[in-house]
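> Provided below for reference: sequence and predicted model.
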Amino acid sequence: MSNSAFVRLQVRINVIALLVALPIAWWVGGEAVTVATLAGGLLGMGNFVVGAWLIQRVILGPAAQSKALFGVMLAGKFGVLVLLAFVAIYILELDAVGFALGLSTMVVALFVAGFLFSSSPEVEETESEI
């Protein structure tokens, strides 16, 4: 599997995890928690996709020599994530628990995609060649 295949797999698993989390959020807290879970899940998925894009462009792309640029861009990406979380919770007054539940679907999807990616036959063939 290539890096882009891993990104596609992670996004699909993230959507599935979000679809599982939404009924739980509805059952726990109703509409307010469900909307916050959806917002957190979409923000988490967007954060991952932007991170994957940065890695492909800066680390693997033509600007591969500029590791400092990648560090600055990564710090900026996390800063924007924190700012958007602040705006969502304090200014838009979304439910913090639902928002955290939505963001946690990104972490679950990363672990599951990493497990599936590491157990794929293509990865085992590559490791045996080394």
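In hand now; what should we look at? Since this is a predicted model, take the numbers as computed values, not measurements.
> would you list every one of the helices in this structure?
Applying DSSP state H to the chain gives helices spanning 3-29, 31-54, 67-86, 96-118, 121-129.
> Same list, those helices, but as a markdown table with mean pLDDT and mean neighbour count please.
For glycine as for every other residue, the C-beta is placed from the backbone atoms N, C-alpha and C. As requested, the helices of the chain are arranged in a markdown table below (pLDDT from 0 to 100; neighbours: other Cβ atoms under 10 Å):
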| stretch | mean pLDDT | mean neighbour count |
| --- | --- | --- |
| helix 3-29 | 88 | 16 |
| helix 31-54 | 89 | 19 |
| helix 67-86 | 80 | 13 |
| helix 96-118 | 87 | 18 |
| helix 121-129 | 54 | 9 |
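> And the residue nearest the centre of this protein?
The residue lying closest to the centre of the chain (Cα atoms, centre = their mean) is Phe48, at 3.5 Å.
> Now do the same contact list for the nearest residue to that one once chain neighbours are set aside.
Spatial nearest neighbour of Phe48, chain neighbours left out: Met106 (5.7 Å); criterion: Cβ to Cβ, 6 or more residues apart in numbering. For Met106, the contacting residues are 14, 41, 44-45, 47-48, by Cβ atoms under 8 Å, 6 or more residues apart in numbering.
> out of those, who's nearest Gly98?
Distance ranking of the contacts of Met106 against Gly98, using Cβ to Cβ, places Gly41 first at 9.7 Å.
> ok, that closest one - contacts?
Going by Cβ under 8 Å, 6+ apart, Gly41 touches 14, 17-18, 21, 102-103, 105-106.
> repeat that with 6 Å
Counting by Cβ atoms under 6 Å, 6 or more residues apart in numbering, Gly41 makes contact with 18, 102, 105.
> Tell me how far the last one lies from Val97.
Look at Thr105 and Val97: by Cβ to Cβ, to the nearest Å, they are 14 Å apart.
> same question, Leu74
When Leu74 is compared with Val97 (using Cβ to Cβ), they lie 28 Å apart.
> Then Leu110?
21 Å.
> ok, back up a step: how much space separates the residue nearest to Phe48 from Val82?
15 Å.
> just Leu38 next, same as before
Going from Leu38 to Val82 by Cβ to Cβ gives 19 Å.
> Much appreciated, bye for now.
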